[in-house]
Every structure is written in C-alpha cells, then in structure tokens.
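In: sequence plus the predicted model coming up.
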Amino acid sequence: MTDTPNPEIDFELYMDTAVLAGQIMLESNAETYRVEDTVTRILKKTGLQMTDALALTTGLVATLDNPNMHAITVVKRITERTTNLNRVSRVNAVSRNFVEDKLTIQEAYDALQNIDEIQYSGRQKSFALIGFIQLFIFLMGGTFYDFLAMLPVSVAVSFVLHTAVKWKIRPFIQNLVSSFVIAVMTAILSELLTFPIQPDTIIISAIMPLLPGTVLTNGIRDTFRGDYMSGAAKILEAFVIAIFIAIGIGAGLVVGGEVIR
C-alpha cells in the first residue's frame, strides 16, 4: 500500500464499480460476507491503505482513504431483494477477472452495468415457475393425475405472483395470497375432479417456489461467520415468510372447505 495516491487512478470509478457490484449482489440475496469480500477486493486494486466495506441486508457502506487524500465514502440503500444466483455468479466472475487484471476498471464497470440491466421477462419467469411446480409433483411422489390437477394451480400461482410484482406488492403479501389461492383451488379440485388426486402432495409441491430456503441458508451462513445482524435479519425474514405461507394455506383450506359444502 502507498501513502501517495496515484493521480492517474480514477478513485471514484473504482468506488462506483465496487458499490455497483455490492448492490447487485445484495439485491440478489447474496451472503453479506461475500459482498464485503467482493467490494474490498475491487477497492484494494487502488493501492490505498484503507479500503473498508460493510454490507447489511438493507444497505452497503464502502470507504477509500489515505493520509494524503480526502476519504471517499459511499452509502447505498438496498430497497429491493430477490433471489437470483445467476447475477451473483456473474458479478463474481467480473470481480475475479478484474482482480486478475483480465479486465480494466472501465470494462469491469461496463460489465456490471450490463448485469444490472439484465432481467428475465415476466413471461420467462411465469413459464419457468409453472414448469418448476409441475415437475416437482413427481419428486414428491405424485401421480399423473396429480400432475394434471396441478396445472390450473400452477398457472394461478404464476398469475398471482406476476400481477403482484407489477403492482409492487410486498413479498410477504405475495406469499400469503399465493398460498391462499393454492389451498382454495386444491380443496375445490379434490371435490370436483372425477379421478383421484393427493391434495397434500399438490399443496406441498405448489408452495415450494414460495419457501425461503435460500434466504434461510444464507442467514445461517452469515451467522456462522459472525455477521449476526445480517444473519438474524435473514433468518427472521425466512420465518416470517413461512408464517405467512402457513396462514395462507390454513385460511385457504377453511375457505375451500366452505365453498365445496
């Protein structure tokens, strides 16, 4: 590390690149220790003495400092989070290539901007969700009849989630409404269909995309690494999501039972 900053280095560009990488990772539900490591590695390429990063579930703080310059500190608020491991992997690849001098800082920044702009379309997400739910029925020991009965349920869940995202409804309410729809439709289908189905298997398979498995796992990993604030926040988020799903299923079974009487 050096006491005299290199005047040829654009420190603000380094900071913007590091913060953008951290922002994308946090918005994609990456572990906080991984975010801090990525941001710090990018900032260390400046050669300055002090390069710090603090990642939380809802925010990111990064600092560049040296005795002969004014400190550069950026605070970034994270307002939206969704699990997207593909984006995390892409950011890791860009960061790794930059640290290994395979990319310039400008190329790394441009690559991160492209990652930030890449989004799956609503149609792609809907078809992927329907396919995931439909195929999961067989992993749960379901029959071909269960597969057929699951189709209207999976389409309904996909529609609810797609609409909720467009209206910017909070994830907790999305899970509540989706699980309610799953339970109501399953209860009604179990009475209307002429062939035998397994309602419990259909419900379990349909709620699988709603379960916060990745959030819970990352929360546990953060906790084990000493990031107690982020770990506790993610674990709490996972349990709240699970509670809302349980409430939705319970209410849906009650309403569905009343409808078919």
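Out: Nice, I can see it. Numbering: from 1, shown residues only.
In: how far does the longest helix seen in the chain sit from its chain's centre?
Out: If you go by DSSP state H, the chain has its longest helix at helix 228-259. Offset of helix 228-259 from its chain centre (Cα atoms, centre = their mean, to the nearest Å): 17 Å.
In: all helices for the stretch 101-250 of the chain, in order.
Out: 105-117, 122-139, 144-166, 171-192, 199-207, 213-224, 228-259 (DSSP state H, counting those that start in this stretch).
In: can you redo those helices as a markdown table with mean pLDDT and distance to Glu36?
Out: Where C-beta positions appear, they are placed from N, C-alpha and C, glycine not excepted. Formatted as a markdown table, the helices of the stretch 101-250 of the chain follow (pLDDT from 0 to 100; distance: least, Cβ to Cβ, whole Å):
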| stretch | mean pLDDT | distance to Glu36 |
| --- | --- | --- |
| helix 105-117 | 95 | 17 |
| helix 122-139 | 91 | 30 |
| helix 144-166 | 93 | 29 |
| helix 171-192 | 94 | 24 |
| helix 199-207 | 95 | 33 |
| helix 213-224 | 92 | 10 |
| helix 228-259 | 93 | 10 |
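In: closest to Leu54 out of those helices?
Out: Judged by Cβ to Cβ, the one of the helices of the stretch 101-250 of the chain that comes nearest to Leu54 is helix 228-259, at 10.0 Å.
In: for the closest one, packing partners?
Out: strand 50-56, helix 171-192, helix 199-207, helix 213-224 (3 or more Cβ pairs under 8 Å, 6 or more residues apart in numbering; DSSP states H and E).
In: report the angle between that helix and helix 199-207.
Out: Per axes from the mean of the first three to the mean of the last three Cα atoms, to 10 degrees, the angle that helix 228-259 makes with helix 199-207 is 140 degrees.
In: buried stuff in helix 228-259?
Out: 230-231, 233-235, 237-238, 241-242, 244-245, 248-249, 252-253, 256 (16 or more other Cβ atoms under 10 Å).
In: same deal with stretch 89-106?
Out: Buried residues in stretch 89-106 (16+ other Cβ under 10 Å): Arg90, Val91, Asn92, Val94, Ser95, Phe98, Leu103, Ile105.
In: can I get it in CSV, CA atoms only?
Out: The C-alpha coordinates for stretch 89-106 follow below in CSV (Å, rounded to 0.1, in the frame of the first residue of the first chain):
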residue,chain,number,x,y,z
SER,A,89,-22.3,-15.7,-10.2
ARG,A,90,-21.8,-13.2,-13.0
VAL,A,91,-20.7,-10.5,-10.6
ASN,A,92,-18.2,-12.9,-9.0
ALA,A,93,-16.8,-13.7,-12.5
VAL,A,94,-16.4,-10.0,-13.3
SER,A,95,-14.7,-9.3,-10.0
ARG,A,96,-12.4,-12.2,-10.4
ASN,A,97,-11.4,-11.2,-13.9
PHE,A,98,-10.7,-7.7,-12.8
VAL,A,99,-8.6,-8.7,-9.8
GLU,A,100,-6.6,-10.9,-12.1
ASP,A,101,-6.0,-8.0,-14.4
LYS,A,102,-8.0,-9.6,-17.2
LEU,A,103,-10.3,-6.5,-17.3
THR,A,104,-9.7,-2.8,-16.9
ILE,A,105,-11.7,-0.9,-14.3
GLN,A,106,-13.9,0.7,-17.1
